[in-house]
Every structure is written in C-alpha cells, then in structure tokens.
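# 3D, please:
(2 chains)
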2 protein chains.
Amino acid sequence: MLKKPEILMTPGPTPVPPEVLLAQGSPIVYHRGPGFGEVLRHVTEGLQWVFETKNDIVTFTSSGSGGMEAAVVNLFSPGDKVLVVSVGNFGNRFKKICDVYGLEVDFLEYEWGKTAKAADVQKALKPDHRGVLIQHSETSTGVVNDIESVAKVVRDHPALFVVDSISGVGGAPIKVDAWGIDCAIGGSQKALMGSPGISFMTISPKAWEANKVAKCPRFYWDWAPVKKSYERPDPETPYTPAVHLYMGLAEAIRLLRDEGLANAFARHAILSRAVKAGVKALGLDLFGEDPERAVCVTAVKCPEGIDGDKLTALIRAKYGIIFAPGQDALKGKIFRIGHIGYLERSEILQALAVLELALDELGYPVKRGDAVAAAEEVFAQA
Amino acid sequence: MLKKPEILMTPGPTPVPPEVLLAQGSPIVYHRGPGFGEVLRHVTEGLQWVFETKNDIVTFTSSGSGGMEAAVVNLFSPGDKVLVVSVGNFGNRFKKICDVYGLEVDFLEYEWGKTAKAADVQKALKPDHRGVLIQHSETSTGVVNDIESVAKVVRDHPALFVVDSISGVGGAPIKVDAWGIDCAIGGSQKALMGSPGISFMTISPKAWEANKVAKCPRFYWDWAPVKKSYERPDPETPYTPAVHLYMGLAEAIRLLRDEGLANAFARHAILSRAVKAGVKALGLDLFGEDPERAVCVTAVKCPEGIDGDKLTALIRAKYGIIFAPGQDALKGKIFRIGHIGYLERSEILQALAVLELALDELGYPVKRGDAVAAAEEVFAQA
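Modelled structure (predicted):
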C-alpha cells in the first residue's frame, strides 16, 4: 500500500511547510555568535509581532506545557493565591502545575464545552489573588475564550494575567499590549507552522516586577538569565537551544509575515466556518456552547452508535488524515478537527470528503458530497 | 566572500550528519501512534545500547542542563544532603541546581584542569549523603573523570550515583550497569551526532525507589508520567516532544550502531591523540593534569601574548572553523578543540593547518606543517 506522509488535522502539531523542513535540514549554525544571533532575533521580533506586543519575549527548548510551568515558577511563590479558570484539559493542567509548586488555587471550573465568562471571573476574583490563569484556545474542547473581555475584568486588579495561547496564537487574535496580558504563552507547533519543541512567552513590566520576588524554585525555566543572554550583541540562550527548530521557526514566522497577520486570522476563520458547515450538513452536531468562536479546532459530537476513537482511527489508517479523538470524559464522544497552521481550502474539502466515506463505512447514513458541498459554499461566498 | 557552513569543532553541538538532517527535514510524524512510537523505541533502545544498560531511559525535549535539573528534582528532596564533585563549569552548575532546590550541598571542588580522585570522594563521603553528583566529561576543561574508579567508592554507600555524561556518552565508555551508575545523563548534540534539543537519562531500580519519595517539586521533568507514556503499546511522551529532533536522533543512533561502539570510542581516541600531537608539535602546552584522558575535548593553553578569544574568533571568521574559547577564569587563557561526533581524520588535519595559519598571523612563531605532520604521524601509526 502506498504510504504518503499523514496529514495532521489535529490541534497540533500541524503540517510543517517545506521551507521550514528545509531550514531544519540545513547544516547546523553554532549557538554562540552572529549566525544564531540573527535567527533568535528574527524569532523574538516575529513573536512580538504575532502577539502584538512590545513586551520582552523569552523562549525555551521544551513543549508548550514546559512553557506553562515556566510562567508559573517565574511569577509566583509557594503559598501565593491564584485564580485558575478552566474550561478543559489544559486549564486542569494549569491547576496541576500550581498545585505542584504549593500555590493556593481557587479553581473556577467550567463543564467541558463551556466558554469562560468575564462576569464569573469578576465574581471569583479576590483582593489577595496574585494571578489569574486561563486558556485562550482550550485544545481539548476547541473553546476559544473571550480573553479581551476577561482582560477588562482583570485589568483593574493587582493580579497578573497569564494566558495560555499555545493553540491560539497565530490562529486567533491575541493583543497582549492592547488587552493588558502580563504573560501570554505560545508554542512553535500550532498556528505558527513550526515544528514542536519551542515554547515562548511575553513578559510585561509588571510580570518582571513579580519575577524579582517570585520564590518558586527554578533553574532551566528561570527568565532572568534568558533575558541577559538575549541582550548580548549576538543574542543567545543560556543553555544550548534546539538550534534547528529555531531555524525552522524563523522560517515559519517569515511565511506568516508574508501572509500577514490579518490574512492568517481570516484564513483560519474561513477554514473553521467551512469545517463547521460541512459537519453540520452531515447532520452532526458541534460540541460546545459557542462553536462559532472555535476558530482553531472544531469539536464534533459523535452521532448515536459511532465511537469517536474508532472513527478517527479508521480515517487515519485508511486515508492518512489525522483528526484528534476526545480526551478524558469526552473519549469516544467527540472528535476534533484542527484547522490551524499550514492548511488551505482544498485540504478542508479533502478531509470532509474522507469524513463522509468513513462515517458511511461505520454505518452512519451519509448523502455523499453533502459535507463537501456545504464547505464549498462557504468558500464560494468568502 | 564564499560562505560555507561553519565546521563545529566545539565541545558541542557537533556537526550534524546529512542523514540526520534529512530525517529532520522530512514531513512530521504525529506524536501519538505507531509512527512516533517506532522512533521513540529506536531512540530509547539505542540509548540503552550506548550507555550499556538495561535500566529505563527517559528523554526530555530540553538542553542537557534541563536533563541535569530533571535528575536532581526526581531523586532528592529539599534538605537532602548530597556530595557534588566539581572539576569545572558544569560541576558548578550541578551545585547551583541543588542549591536552587534547597539541597544541602557538600562541595568537593577541584581547581579547573584537575581530575577528580576516587580517594578524595571516599574521604568526602558521609553516611548521610543521599547522592554523589559528578561529571564524566567536564566540557569546560576537557577533563574526563575516571568514573569507574569513583563508582567503586560510591557503590558500597547508600548514596545515589549521578553522572553527567552529556559531552561524554558516545565519546568515551560509560558502563552504567557494570559500574553501577544510578542516573547517567546525556544530550543529543555531542558525540551522538544528533541536533541539540533532547536530553535523556538512565534510571536504576534504586533511582526509581528514590524517585518515589523525592519531594522536589516537578511537573515537566517528572519521570513517572514519562515512564507511563513509554509503556503504551505505541510509546509516546506525556507532552508534545520535539518530533523532528527525535527522528534525527534515531538516525544518528543508527549511524553510530553501524559504526559500532568500540569503533566510535577508538575513532574519538585517535582523533584526540592526533589533535594533542599537533598542538604539542607547535610548542603549545595542553591544559589539565591528565590530558591523555581528555578524549572528547582538548584544552590548549594559549602561549604568552596570544589571547584565546582573539585566536578562536580569527579562526572562525577567516576559516569557518569553530573552536571554543575558555570560560570564566580561563577566558582568553585557553582554547578548546572538540573532537567528538561526526568528525573524521582529514578534518583534524584541516583544523590543525588552520590553527598554524592563525597562530602565525597573530605573531606566534610557527613552522608551517608541523602540527599537521605530527597528526599525520598519529594516523599513520594507528
């Protein structure tokens, strides 16, 4: 059987552009000196651009979860009281990290599929909260929280506002300066089209002040030496970075700059609408209370009698397209179609066509072409 | 001016083979499922092979320093008493990490250039030491400690034996099982010929027991979820790994297996002898009390009137070969030639010839061809 590379329509990693692959496959650049200095400068300036911020950027060779831990240990001390807002798996992860470091967590937990409400956050906020931690795009459910409205509530409070935008940044707007986010966290492998292995975050002046007194133990994640290394004439990192991934990420950011940020957001929004129109045309229901906001990942309820794990496994094995299954309580009950990163219209049509075939094979009544037709309609109107 | 890729004759990263670059430049494999499972299995089995161990392996997307932190936080609790043996910069780093986590450090510190002595370790070991931490190859000085003899001293003591072999593994033997090392740490970017961004370590049953009661806070570095994820039918990592770097490392390990471990050690030893013969033929002195052991990195004393930073900068700028300058107190006073990883005999001759030219340009009296001739003699005899 001909085996082509699988197409990743997951919430990340996403397909990696050939330009990025070529950069990663180029001879290595030494991590001290002008060569890597230029790569790192491109990356940090590009990240400021995509986060719409003048704040400092630090990066780490790690997964996005490592970036979440870095934010917590650099901003807080054991015993600090924080408000963690959770709408899914990654919100729970924030709580877990805070628990590990002995923070006192007030937990504003929503049923999976719900979107966080600014009014709830306002009600939950107490004067002694040192931080509010929340997801921008919650990968497990596709929910994209309204960070702008939550930011308005947090802005008048001394708490630091920490936003995990790992699967959000580049896919949906996150205006760090305009909204007043103290620390926004991202990852290389989602809408930014890089390969996994780099996490990064923005640091506001207020966050730097907090960092000076934060007592959580940290070595690898410590921001201060990172900043110092970045300020050398040839910027570098304190410890040997994943040089090739930075070379790739610099290239991915260049592609995104060529496209333009507004265009990238528009592309993601249109792909999202097309996916949603397609699955609805098959009679499937979207998961979550506010699916129209879910521009990065579409979560779909499995119809009666169809197991989501079986469906995604079939599509992967037979057609080489990877959708993500549901996690934890949603295992088998939903499947998730990622439409961030290096994806274009025709690939959405391809994926929806395959979904039709697979549902049909599993015994769900499908009128062939309906999903594709509905998505085509979205594209034709756009 | 024609700009070819620079040749990294540093203590790491080292040149990355084309086979590894091709793997890193291939379409991404999804990190859940059989594709990545096979990559991860290759990597962990290969690492067991190179460490000569049946112990478990865990890997992290991080620099080697992250791996050092992972070892500390997984094995110890705040207040635990440990013995840190330092012969240079990375020994000091082990102390710093232990300090950060509130361990009580007894510090056996040698002057830079000295090799650790088993007798000193025996004398310094106290009954309540929970661990002994030491470098195999100390990158800052080139010193390769005699881990086998130190291991004999630690073996009869309840302390865990933790060895940073980041720039050692693959370059010089490290027999984890035979010597009784509880946790040996390595990195992808040194003698193993991978690209930087993956750290890994071996974990003995005794280390696993210690892990169960170790109280240092940890999330990303936590070994337990890594082990659990590795034991799935398709092995995976708990958080999204640097997939492409694992694909590259699997390829690098395949190259090393094709060469054979004994052959790789012999290659590194011969390259090391040739470098040392070459610099000595120019009248330069080797740095360190036991340079013949320094099979990974050769540290050379700068002659009177020659600044090591200027010398390495000149060689890099004019000839595209990167030697490493001295660190900290040795800044300007030594330079370091790395000869681990993807390097062969002719490149040693090339580097020594360039060294002759550069020393001559800086006013040091050189008889052209002397270093090259001495190295050739080593190769001819080998």
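# every contact and neighbour count from this point should use C-alpha atoms.
Fine.
# list the buried residues of stretch A:367-382.
Buried positions in stretch A:367-382, judged by neighbour count with 16 or more other CA atoms under 10 Å in any protein chain shown: A:369-376, A:378.
# let me see the mean pLDDT of that stretch.
Mean per-residue pLDDT for stretch A:367-382: 97.
# what's in contact with that stretch?
Residues outside stretch A:367-382 that contact it (CA atoms under 8 Å, 6 or more residues apart in numbering or on different chains): A:270, A:273-275, A:277-282, A:345, A:348-349, A:352-353, A:356-357.
# circling back to that earlier point, what's the closest of the buried residues of stretch A:367-382 to residue A:154?
Among the buried residues of stretch A:367-382, residue A:378 lies closest to residue A:154 (CA to CA), at 36.9 Å.
# tell me, how many residues neighbour whatever residue of the stretch 201-350 of chain A ends up closest to chain B?
Scanning the stretch 201-350 of chain A for proximity to chain B using CA to the nearest CA identifies residue A:242 as nearest, at 4.2 Å. A count of nearby residues for residue A:242, using other CA atoms under 10 Å in any protein chain shown, gives 25.
# and the residue lying closest to it once chain neighbours are set aside, how many residues sit next to it?
Spatially, and ignoring its direct neighbours in sequence, residue A:242 is nearest to residue B:197 (4.2 Å; CA to CA, 6 or more residues apart in numbering or on different chains). Applying other CA under 10 Å, we find 30 residues neighbouring residue B:197.
# thinking again about what came up before, any chance of the buried residues of stretch A:367-382 in CSV, plus secondary structure?
Listed next are those as CSV, based on DSSP: H, G, I helix; E, B strand; the rest coil:
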residue, secondary structure
A:369, coil
A:370, helix
A:371, helix
A:372, helix
A:373, helix
A:374, helix
A:375, helix
A:376, helix
A:378, helix
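# and these, which two are furthest apart?
Applying CA to CA across these, the maximum distance is between A:369 and A:378, 14.4 Å.
# doesn't residue A:212 make contact with residue A:73?
No. The pair residue A:73 / residue A:212 is not scored as a contact, 11.5 Å apart, by CA atoms under 8 Å.
# what about those two, which has more around it?
The neighbour count for residue A:73 versus residue A:212, taken as other CA under 10 Å, is higher for residue A:73 (24 against 13).
# helix or strand: which one has that one?
Here residue A:73, judged by DSSP states H and E, is contained in helix A:64-75.
# correct me if wrong: the residue nearest to residue A:242 contacts residue A:239.
No. Counting by CA under 8 Å, residue B:197 stays clear of residue A:239, with 10.0 Å between them.
# hey, what's in contact with both of those two?
Contact with both residue B:197 and residue A:239 is made by residues B:63-64, according to CA under 8 Å, 6+ apart.
# which residues touch residue A:306?
With CA under 8 Å, 6+ apart, residue A:306 has these contacts: A:362, A:364.
# distance of the residue of the stretch 201-350 of chain A closest to chain B relative to residue B:25?
Separation of residue A:242 from residue B:25 (CA to CA, to the nearest Å) stands at 14 Å.
# rounded mean pLDDT for stretch A:253-268, please.
In this model, stretch A:253-268 carries a mean pLDDT of 97.
# now swap in stretch A:65-75 and tell me
98.
# anything in that stretch near chain B?
Yes. Stretch A:65-75 is in contact with chain B by CA under 8 Å from any CA of the partner chain, via A:65-66, A:69.
# list of residues touching that stretch?
A:60, A:94, A:97-98, A:101, A:162, A:164, A:183, A:185-187, A:199-201, A:207, A:210-211, A:214-218, A:221-223, B:219-220, B:239.
# residue A:251 contacts residue A:24, doesn't it?
No. The pair residue A:251 / residue A:24 is not scored as a contact, 9.4 Å apart, by CA under 8 Å.
# enumerate the residues of the stretch 101-250 of chain A near chain B.
So the stretch 101-250 of chain A meets chain B at A:101, A:195-197, A:217-220, A:239-244 (CA under 8 Å from any CA).
# which of the residues you listed tops the neighbour count?
Within those, most neighbours by other CA under 10 Å means residue A:195, with 33 neighbours.
# which one is that residue nearest to, not counting chain neighbours?
residue A:189 (4.8 Å).
# part of a strand, is the one you found?
No. Under three-state DSSP, residue A:189 sits outside any strand and is assigned coil.
# how close does it get to residue A:221?
Distance of residue A:189 to residue A:221, given as CA to CA: 20 Å.
# for residue A:76, what are its contacts?
Residue A:76 neighbours (CA under 8 Å, 6+ apart): A:103, A:130, A:210-211, A:213-216.
# from the residues you listed, list just the buried residues.
Buried, going by 16+ other CA under 10 Å: A:103, A:130, A:210-211, A:214-216, out of these.
# which ones among those residues lie within helices?
Those of these mapping onto helices are A:210-211, per DSSP state H.
# which among the buried ones among the contacts of residue A:76 gets closest to residue A:361?
residue A:103 (49.8 Å).
# might one say that the closest one is in contact with residue A:79?
Yes. Counting by CA under 8 Å, residue A:103 touches residue A:79, with 4.7 Å between them.
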